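Enquirer: All I have is the shape, not the residue letters:
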C-alpha cells in the first residue's frame, strides 16, 4: 500500500479514485501472477498514477519485481565478496606491518579522490575544457535535444527519453572534447516535472534520496513555459550534493532560442531516421546537431524531418545501412549512443563503420535466432495471463478511497466498531430482475 503521505497527496490532487483502481488491479494481478514487487516507493506509485495503459503498468511492475530479485542476488554476492576482501585486507596489513611491499588502497596512496570529491574535481575539469574551447576558438558543435514531440509519446516512452538525458550528460561530462548541450521545447507538466526531479540531479542538485521520494509541497505544473529550468525548479546546494556549474541550458522555448546566433541554417544537422539524405563523409562542416525525443512511428506528426523543414533546417539520416547489417530490433538508438557516434566521427576517432560497430548494441547486429519451444511456451503462458488479468479487471466494481487523519485516542475513549461495508456483486436492478425471474419460474 502507498504511504499515508502519498494517500493525502493523491487526495489533494483529486487522484484517489484512480489510485483505488490501480490498487484493485494490483490485487487482481497478485491472484494470477507472482511477478509483483514486495514494495513500491512514492515515486513508483506516482508513475503508475500517470500511466494510462494497463499493459505498460503491468510491465512496469514486472520490471520492478525482477529488479528486486537481481538486487537481492547482488547483495548476497557483495556480502560474500566483502567477507573475502576482509580476509585479504587482514593479510595485507600483517605484511605491511612486517615491512613488506603491499599493493592496495590505503597503503601508499598520496592522492585519493572518491565520491563527491571526485565528482567536484571532474566537474572543474569539464568546465575548464569548455572554457578552453571558447578561449582558443575551437568550440565543439552544439548538441541540442529537442523535446517538442515528448508529450505525444506514451508515459513509458516519456520516462525513457527523460531517463536518457542523464547518460548523455555523464558521457559528455568525461569526454576530453565535450559537446555544448542544450535542451529546448520542454513543456513541463506534472508528470514530466516529477521525472525531471527524479532523474536530472545534475541540473537540480538533488540527492538520490530526495529525488526518490514524493514532496508533498511539490508544485503543480500545467504545461508550464519557462526560459530557464531554475525559474520553476530552484537548484539545491548542500554539502552532500555537487552542483554542476556548466549544466546544459534547459528551456521550453524553441530550437532557435538556444542555437548560437552565428550558426547558419546549412550548418545545422537534424538527425532523423526517416530523412531521405544521409549524413555521410566529413561532418566537420556542421556546428550543431539536433536530436529529437520521438519514436518516429506516427508519420509526419512526430517526424523530425517535418520539424526541421518547419524550422528552415535540413534533416539527415545516420548511414547505418551503408556500413553495418541490422538484424533485429527497432532502429531506435538512445540519445547517448547517437551522440557518441557523431562525436567519434566528428573528432576523427573513428570512421562511420567503426563507430557503428563500437556503439550500436551488439544484439542488433547479431542474426536473430529462432526461439526455443520452451521460450515459445513461456511467452504464450504470459500472454494468456495478461489476457486473463484484463478480463478480470473489466469485471471489477471500483469505489473511491477515503483518506482521513487517524483518530486521536483518549484515555477514557474507545473506538466504536466500524460498520461492515457490503459490496454487492450485482446492481439493485439486476437483483430485482433475478427475483422476478425466480418467482415466475
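Expert: Structure received. Remember, predicted model here, so these are calculated numbers, not experimental data.
Enquirer: rest of the way, CA atoms for contacts and neighbours
Expert: Will do.
Enquirer: quick one, helices of the stretch 1-150 of the chain?
Expert: Taking DSSP state H, counting those that start in this stretch as the criterion, the stretch 1-150 of the chain contains helices spanning 4-12, 16-32, 42-50, 54-97, 115-136.
Enquirer: Looking at these, spot the one closest to residue 314.
Expert: helix 115-136 (26.4 Å; CA to CA).
Enquirer: State the mean pLDDT of that closest one.
Expert: What helix 115-136 shows for mean pLDDT is 68.
Enquirer: Equivalent analysis for stretch 190-198, please.
Expert: 85.
Enquirer: The stretch 251-400 of the chain: strands as residue ranges?
Expert: 268-271, 288-292, 314-316 (DSSP state E, counting those that start in this stretch).
Enquirer: could I get the helices of the stretch 1-150 of the chain as CSV with distance to residue 280?
Expert: Below are the helices of the stretch 1-150 of the chain laid out as CSV (distance: least, CA to CA, whole Å):
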stretch, distance to residue 280
helix 4-12, 51
helix 16-32, 49
helix 42-50, 40
helix 54-97, 38
helix 115-136, 25
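Enquirer: Return the per-residue confidence for residue 414.
Expert: Looking at residue 414, the pLDDT reads 44.
Enquirer: Then residue 12?
Expert: 79.
Enquirer: measure it to residue 49 for me?
Expert: Look at residue 12 and residue 49: by CA to CA, to the nearest Å, they are 14 Å apart.
Enquirer: returning to what we had before: closest to residue 343 out of the strands of the stretch 251-400 of the chain?
Expert: Smallest distance to residue 343 across the strands of the stretch 251-400 of the chain (CA to CA): 10.2 Å, for strand 288-292.
Enquirer: Partner strands of the closest one, with direction?
Expert: Paired neighbours of strand 288-292 in the sheet (DSSP bridges): strand 142-146 (parallel), strand 268-271 (parallel).
Enquirer: Throw those strands into TSV and include mean pLDDT, distance to residue 22 and mean neighbour count, thanks.
Expert: Listed next are these as TSV, based on pLDDT from 0 to 100; distance: least, CA to CA, whole Å; neighbours: other CA atoms under 10 Å:
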stretch	mean pLDDT	distance to residue 22	mean neighbour count
strand 142-146	94	33	22
strand 268-271	94	39	23
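Enquirer: In the stretch 101-250 of the chain, where is pLDDT below threshold?
Expert: Within the stretch 101-250 of the chain, the stretches with pLDDT under 70 are 103-124, 126-127, 134-137, 205-224, 234-245.
Enquirer: any idea where the strands of it begin and end?
Expert: Under DSSP E, counting those that start in this stretch, the stretch 101-250 of the chain gives strands at 142-146, 180-184, 249-250.
Enquirer: right, and those - which one's nearest residue 341?
Expert: Of all the strands of the stretch 101-250 of the chain, strand 142-146 comes closest under CA to CA, at 12.5 Å.
Enquirer: tell me the angle the closest one makes with strand 180-184.
Expert: 20 degrees (axes from the mean of the first three to the mean of the last three CA atoms, to 10 degrees).
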